[in-house]
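# okay, here's the prediction I keep looking at, along with the sequence it came from:
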Amino acid sequence: MADPPNPRNPRFRLPRTRTRPPPLGIMPVSWRSALPLLLVSSLFFLDEWISTPSCRFVPRPDRGERDAGAAEGRGDLRAMIVSDLLLMGSDHGLVDTYFRDYYLSKFFKKSFRTLKPDMLVVLGDFSARGSELTRRKWVPVLHQFHRLIGSLITLPFHVILGDRDIGECTGLDSQLVDWISSHLPGLDSAGCGAFEMENITFVSLNSVALLCGNNALRFGVEEMIERESSDFRTEMEGSRTEMTNDLGLDKEMSPNFAWRENSMASGSGPVLLLHFPLHPTGRSRNDGQHCHQKAYTNSLVDVNVLQQRRLDGTGPYELSHTIPPNATEYIFRALRPRIVFSGHSLDFCDYRHQDGTREVTVPPMSWHARDDPGFVIATFRQGKSVGVSHCSLGRQSYVFIYISMLVLLMLMRLLVKFLTTFRTMMMAVALL
């Protein structure tokens with residue numbers, strides 16, 4: 001009988017057993033361990049998708065789709081035009097700080113990186129409750145605005161004032177308007193401004209003052225209009241700068257508006273920037289629907305109070321959310337604007353007035369105002385052509401739904417882990 005094998009024998013070897021290796025490229029990974037990676041990856045892609053603007057070119061009403069294919073030239077000026085940021089300043093809560101402000105800052109950064117505008121224009125209401133704030137409370141609002149645009153502050157930008165910034169007619173404070181204007185580039189003491197970029201002149205008016213009665217602010221707005229009108233006539237007519245032939249109109253007009261004959265053709269004046277839209281005198285591209293409406297339905301606006309103010313008739317501001325007809329005609333005759341950009345409206349609108357002047361109302365760029373914020377990219381080409389693109393951003397409701405799903409999945413994963421641990425503990429207790 002043979003001796004059993006001795007493991008201490010140096011010649012002893014264990015028998016070799018063949019094992020089948022797993023197929024290449026297949027690793028035994030549990031779906032539970034991969035779930036956190038999938039959640040983080042999906043959250044990253046959602047973050048990029050929400051903050052990436054989706055732009056649609058809007059052709060001119062008189063050119064239709066023929067204008068859509070116009071190529072951009074080297075000397076074209078691109079402006080990013082936004083409205084109604086509704087910043088809360090020091091009154092912002094946790095949701096504003098860690099959610100809305102975060103995405104609003106990403107909106108600006110992503111839009112500037114992808115669309116590469118040359119300047120930024122804000123059409124008023126960049127503060128949610130500015131008219132109720134003291135100068136000390138206004139400082140955090142200005143700091144919040146600078147933080148949102150971040151490094152983009154080096155690019156030219158222009159901010160005009162809206163009704164939420166300076167208040168209604170009964171609460172207008174010329175000293176507060178002067179103080180706010182002194183902290184914004186290019187505004188005078190009345191909240192108006194004029195500047196030039198790439199041989200294109202921009203004029204911004206304090207449209208809130210135009211809605212009110214006799215006040216120092218409105219007189220300052222009229223002085224700005226007359227001064228810019230005179231400068232344009234001087235530029236176009238050479239040395240002939242006199243303004244003659246006052247118009248006598250039978251319609252009801254404010255005695256403060258000095259009507260002047262203007263020989264400039266329609267559309268030959270500056271680019272006009274307003275907060276309130278002009279009074280409609282023509283037909284919009286969407287037959288007037290959703291044009292010139294202020295219908296915020298959020299926590300910042302009490303619709304019932306707004307309706308009550310309209311019924312009470314406490315002033316022209318509550319009765320109309322557009323510049324009055326006489327002031328609108330005065331602006332058309334004096335400035336002959338090349339194109340008008342206005343805010344205050346809830347929706348985007350492309351409007352053409354009777355004299356052919358194009359007015360574009362810019363939607364709010366705030367989740368406080370609407371579920372899908374937006375803005376406008378304006379391309380000022382050589383000559384008088386202006387290309388307009390309406391850009392939309394991600395919906396706040398989509399983000400809330402996705403975050404809710406993430407939280408639900410995380411809670412389910414924690415619950416499964418807890419139940420597994422509890423079952424193991426109970427089995428161990430049973431074995432004792």
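Noted; the coordinates are in hand.

# which element follows the helix or strand hosting residue 159 toward the C-terminus?
Secondary structure assignment for residue 159, by DSSP states H and E: strand 157-160. As assigned by DSSP H and E, the chain's next helix or strand after strand 157-160 is helix 163-166.

# which residues does residue 271 bridge with?
residue 202, residue 339 (DSSP bridges).

# can I assume it is in contact with residue 205?
No: the pair residue 271 and residue 205 fails to qualify as a contact (C-beta atoms under 8 Å) at a distance of 11.9 Å. In this view, the C-beta of every residue, glycine as well, is placed from N, C-alpha and C.

# any shared contact partners between these two?
When contacts are counted by C-beta atoms under 8 Å, 6 or more residues apart in numbering, residue 271 and residue 205 have no shared neighbour.

# more neighbours: which of these two?
A count of neighbours by other C-beta atoms under 10 Å puts residue 205 above the other of residue 271 and residue 205, at 29 against 22.

# distance of that one from residue 191?
Distance, residue 205 to residue 191, by C-beta to C-beta, to the nearest Å: 8 Å.

# can you report how many residues lie near residue 155?
Residue 155: 13 neighbours (other C-beta under 10 Å).

# per-residue pLDDT, it?
Residue 155 carries a pLDDT value of 86.

# how much space separates it from residue 182?
Remark: distance between residue 155 and residue 182 (C-beta to C-beta) = 21 Å.

# same check, this time on residue 147
Here the distance between residue 147 and residue 182 works out to 20 Å (C-beta to C-beta).

# what ranges does the stretch 151-300 of the chain have for its helices?
163-166, 174-182, 207-210, 216-237 (DSSP state H, counting those that start in this stretch).

# so of those helices, which one's packed in deepest?
Comparing these by mean neighbour count (mean count of other C-beta atoms under 10 Å), helix 207-210 comes out on top with a mean of 28.

# looking only at pLDDT, what's the mean for that helix?
The pLDDT scores in helix 207-210 average 91.

# for the helices of the stretch 151-300 of the chain, give me a markdown table that also has distance to residue 418.
Below are these laid out as a markdown table (distance: least, C-beta to C-beta, whole Å):
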| stretch | distance to residue 418 |
| --- | --- |
| helix 163-166 | 49 |
| helix 174-182 | 55 |
| helix 207-210 | 58 |
| helix 216-237 | 64 |
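
# could you check how far residue 195 is from residue 144?
With distances taken as C-beta to C-beta, residue 195 is found 24 Å from residue 144.

# so those two - more neighbours on which side?
Counted by other C-beta under 10 Å, residue 195 and residue 144 do not tie: residue 144 has more neighbours, with 22 against 15.

# what helix or strand is the more buried one on?
helix 135-149.

# and that helix, how far from the chain's centre?
On the basis of C-alpha atoms, centre = their mean, to the nearest Å, helix 135-149 sits 17 Å off its chain's mean C-alpha point.

# now the residue most central in space within the chain. Nearest residue, chain neighbours left out?
Centroid-nearest residue in the chain: residue 365, 2.6 Å away (criterion: C-alpha atoms, centre = their mean). Nearest non-adjacent residue to residue 365, counting by C-beta to C-beta, 6 or more residues apart in numbering: residue 82, 4.3 Å away.
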